[in-house]
Structure formats: structure tokens, C-alpha cells
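Visitor: quick one: sequence plus predicted model below, questions after.
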Amino acid sequence: MNKVSHAIDAPLFTFQFALLCVSNFLFSASFSMMIPELPAYLTSLGGAEYKGLIIALFTLMAGISRPFSGKLTDKVGRVPVMIFGSLICVICSLLYPVLTSVAGFLILRFFHGFSTGFKPTATAAYAADVVHESRRGEALGALSIGYTLGMSVGPILGSWLVTAFSINTMFYISSALALGSVIILYNVKETLSNPEKFNWEHIRISKHEIFETTAIKPALIMLLLCFSYGCTITLAPDLSDEVGIQNKGLFFAMFTITSLLVRLVANKSSDKHGRIIVLIYSVIILVISLVVLAFAHTVFMVMLGAAIFGLSWGTVGPTITAWTVDLCAFENRGRAIGSMYIALEAGIGTGAFFSAWIYQNQIALVPRAFLLSAFLAVIGLILLVIWRKKATQMRTV
């Protein structure tokens, strides 16, 4: 139970909540604007065969940093951890124009992953702090609106900046947006009671602090589903090129717009109907989207696949996060969310790496990667159905 007392009917969109949403928008726009352009940029540096590492290295560092960000969120506070994550984006974006070798680029992508390893963990814990548990799914869905808008605007803006100006201009604008996120966070009030002053003991992680056991089920589902996310963001730029979509950010804009729309309409659904049943329907939609993308050969089919993909992820992310918080104790909230995000990063990273390995820069092999993603999502669906059946049987005993 949250130590911060909040009435069930308390307003959700307070000024502090709005600041957090704006910060999320700037943060997500900052790093997402690069995604459509980085494969071509890495190719120009002479590293075409390393496309799968663009996302894999980023998510590897994010996953490694999760136990640390989770512990710091629970000990030092939500706001300092969010600020640190945004500052990493500021610094790394400024370094891309400097480190122009393939090795330098890949090393930078690895350290850039610190950003999403820290900020989302603390942000989710903050949101869970400020609302009643009966509105947890609604709050996390509403908070992700800013993040989703950034994911929508960022890729289009990034591709336009590269076309109209240069890749370095995009990197500098990315840094400026992340700096805006940092400035806003300095005006957000801390929600952790009695936060501790940082000391080096806080980054010493014992075995039991690496993973929160209550998060095992949500983490497993996140791992299976996020493989498709890594696959999609890795292959979408080349797939868009193949069918004649000039602005590669349009694919990302389409799925984030539909993700946003479903969150506006259905952000209360898991609070009302239950986490697992909402996830079951969401995964079914995800599988459909992956099959469409596997066989997409026209602009319409690619954009349709992107739209359906967004409909699924509009509920998957907030629902799994709310489910994770439901299962853990308050004092372990940051660690539980961090554990779930370890699975998220592992899924995205492996999805990016193996899809690029399957793809081998041959467009004819794209269906294999998407169908593998669909297969793993079906495994997640089967697990959800089994768990729901067991929970129903226990309630009727």
C-alpha cells in the first residue's frame, strides 16, 4: 500500500502530474527522433552489418542499469533518478557528432542506454505514488501519453531535420529536448518519504536486489512481447524504404498515434476489468499486427501493420506496469519496476539483435523475423490464459 495517502476521487491531472507528462514528452522525443535515421547513419560510417546492435547495445545497458536505478529510486528518491536519466540523453546526443567511427558510435549507443535504464523506472514509481491503487492503471496510462506523443513527434522531426539540415543538427536538437526535460524535473516535488542522501553504498547491489521475485510473471510476459518491439523498430526503417515511404518516421508516428488513441479511450480498462484479461486481448491484437507486417508489401499494409501494432502496445505497457506494482510491497516498488524493465530491455535487445541476424539486409527475409516475434507473443498469450484460468478456479473454490 502506498504510504502517500490519496483519495480515490482526487484529481489525476494535477500541476505536478502535468509537469511529469511534459518531461516525458521531451525525454522520449529526444531519443526516439534518432531511431529511424541511425541504421542509415551507421551504414554511412561503414557499419551496415551492425544494425542490430543499434538497439541491442542501447537496451543492454538499460537492462544492466535497472537494479541500480530501482534501488536508487527506493532510497535516494524518484526525482534525482529521473534527472540523471535525462542528463545522460543531453550528454550522449552531444557526443554523436564527435565519435564518428563505427566503434565510437557503438560504444556511445551502449552508454546512451543509461537514460532509459533510469528515467522510466523512477517515473513509473512516482506515478504509482501519487494516485490511489484503484486508479493505478489509469494513471500509468495517462502518464504514458506524454511519452507516446514524444515517440510520435520525435521520429518525424528527426527525419525532417536530417533531410532539411543534417544528421548533426538532429543530434543537437535531441540534446536540447533532453535538457528541457531536466529543467522541468527540477520543479517536480519528490514523493518518497525521507529520501536518503546519495552515497556509494547505494550502488552496491546484493544478489537479492538484482531482481524482485514478485515481478516474475509480468517480467516474463514483457520479455516475450518486447521481442516484437525490438524486431519492429529495427526492421521498420528498411521496410519503409522498400515500399516507398520517404519519411521513415511516419511508421513510428502511426503506431504511436494509435497507441495514444487507445490510451485516451481505454486507460481505465485494466482497473475495471483486470490486468490479465486486458493483456490477453492486447496480445491477440499484437499477433495480428505482426502477421500483417510479415507479409506487408505496400505502403497501406505497412501503415496498417504499424497502426494495429500501436493499438496493442497502447494497453500492454501501462497494464504490465500496473500489474507489477500490484504485486509488490511499497518499499520495493522501484526494484519491482526495475525488474520488469530488465525484461523489457532484454526483450527489445534480443528482438533487435536476432531480427537483424535473420534479416541479413535481405528484404525477402523480413517475414521470418516478424513471424518469430508472433510465435513468442503466442507463447505469452498461452501463459496469460493459463494464469487467468488458475486465478478463476481459485476464486470459485
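Guide: Structure received. Numbers count the residues shown, from 1 in each chain.

Visitor: where is the longest helix in this structure?
Guide: Assignment by DSSP state H gives helix 366-396 as the longest helix of the chain.

Visitor: in it, what's buried?
Guide: Going by neighbour count (16 or more other CB atoms under 10 Å), the buried part of helix 366-396 is 366-367, 369-370, 372-374, 376-378, 380-381, 383-384, 388. (C-beta placed from N, C-alpha, C; glycine too.)

Visitor: next one: stretch 237-255
Guide: For stretch 237-255, the neighbour count (16+ other CB under 10 Å) marks 237-240, 243, 245, 247-255 as buried.

Visitor: that stretch: how far from the chain's middle?
Guide: Centre-to-centre, stretch 237-255 and its host chain are 20 Å apart (CA atoms, centre = their mean, to the nearest Å).

Visitor: start and end of that stretch, how far apart?
Guide: Distance across stretch 237-255, first residue to last, is 13 Å (CA to CA, to the nearest Å).

Visitor: what lies in contact with it?
Guide: Contacts to stretch 237-255, defined as CB atoms under 8 Å, 6 or more residues apart in numbering, come from residues 32-33, 35-37, 39-40, 151-160, 163, 232-233, 236, 293, 296-299, 301-303, 306-307, 309-310, 313, 359, 361, 363, 366.

Visitor: give me the buried subset of these.
Guide: Listed as buried from the contacts of stretch 237-255 are 32-33, 35-37, 39-40, 151-159, 232-233, 236, 293, 296, 302-303, 306-307, 309-310, 313, 359, 366; burial here means 16+ other CB under 10 Å.

Visitor: returning to what we had before: which one of the buried residues of helix 366-396 is nearest H273?
Guide: For the buried residues of helix 366-396, the closest approach to H273 (CB to CB) belongs to R388, at 11.4 Å.

Visitor: which strand or helix spans the nearest residue to the closest one once chain neighbours are set aside?
Guide: With sequence-adjacent residues excluded and distances taken as CB to CB, 6 or more residues apart in numbering, R388 is closest to I276, at 4.7 Å. Taking DSSP states H and E as the definition, I276 sits inside helix 275-294.

Visitor: ok and that helix relative to helix 366-396, angle-wise?
Guide: 170 degrees (axes from the mean of the first three to the mean of the last three CA atoms, to 10 degrees).

Visitor: which residues does helix 275-294 contact?
Guide: With contact meaning CB under 8 Å, 6+ apart, helix 275-294 is reached by 137, 221, 225, 228, 232, 239, 269-270, 301-302, 304-306, 308-309, 311-313, 315-316, 319-320, 322-323, 326, 366-367, 370-371, 373-374, 377-378, 380-381, 384-385, 387-388, 391.

Visitor: ok, now with 6 Å
Guide: Residues from elsewhere that reach helix 275-294 (CB atoms under 6 Å, 6 or more residues apart in numbering): 228, 269-270, 304-305, 308-309, 311-312, 315-316, 319, 323, 367, 370-371, 373-374, 377, 380-381, 384, 388.

Visitor: after that helix, which helix or strand is next? Please name it.
Guide: Remark: after helix 275-294, the chain's next helix or strand is helix 299-327, criterion DSSP H and E.
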